[in-house]
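Trainee: Prediction below, plus the sequence it came from.
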Amino acid sequence: MKRYSSAGGFAYMEVLLLTMIVSTAAMLVMSGFREAQRINRTAAIRTAAVFLADAKIAEIQNDESAAVDSTETFENFMGGMTVVFLIEPELKSVVENRWTVTVTPIVDDKPQDDLIVTVERVIIDR
């Protein structure tokens, strides 16, 4: 009979060990979701910056007087962020008519130096 009375303690230890393993796995999964959200935000900001740079180059191609610095502001971007994109065109080569457009995102009043996008194109006159 003694053998069966001590078996309850081992079952209790197994439940505690299983609870620790499951809670550790849950914490790892939750931190993975947080990292995935950060990567998704970064990708969305860079994609928007590339599209804005391409649009500025298209404006310059149609009308060279559009080659001035500008800003675009997105309120409630990705569910709550305010993102301001500073768009700065620059003529690199007069001979080739090569333009460089640099887009600097500012997220919630903090410049994001690691998200700066630079697009360079040669505009051919038709």
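Mentor: Here it is on my side, so go on.

Trainee: who does the longest strand seen in the chain pair up with?
Mentor: In the chain, assigned by DSSP state E, the strand with the most residues is strand 81-93. Within its sheet, and counting by DSSP bridges, strand 81-93 is paired with strand 70-77 (antiparallel), strand 98-107 (antiparallel).

Trainee: Okay, angle between the helix or strand hosting Leu28 and strand 81-93 too, please.
Mentor: Per DSSP states H and E, Leu28 falls inside helix 7-62. If you take axes from the mean of the first three to the mean of the last three CA atoms, to 10 degrees, helix 7-62 sits at 40 degrees to strand 81-93.

Trainee: distance between helix 7-62 and the chain's centre?
Mentor: Here helix 7-62 is found 12 Å from its chain centre; the criterion is CA atoms, centre = their mean, to the nearest Å.

Trainee: And for stretch 92-100?
Mentor: Centroid separation for stretch 92-100 versus its chain: 30 Å, with CA atoms, centre = their mean.

Trainee: what helices or strands is the helix holding Leu28 leaning on?
Mentor: strand 70-77, strand 81-93, strand 98-107, strand 117-122 (3 or more CB pairs under 8 Å, 6 or more residues apart in numbering; DSSP states H and E). C-beta: built from backbone N, CA, C; applies to glycine.

Trainee: which one of those has the most crowded surroundings?
Mentor: Among the helices and strands packed on helix 7-62, ranked by average contacts under mean count of other CB atoms under 10 Å, first place goes to strand 98-107 (a mean of 20).
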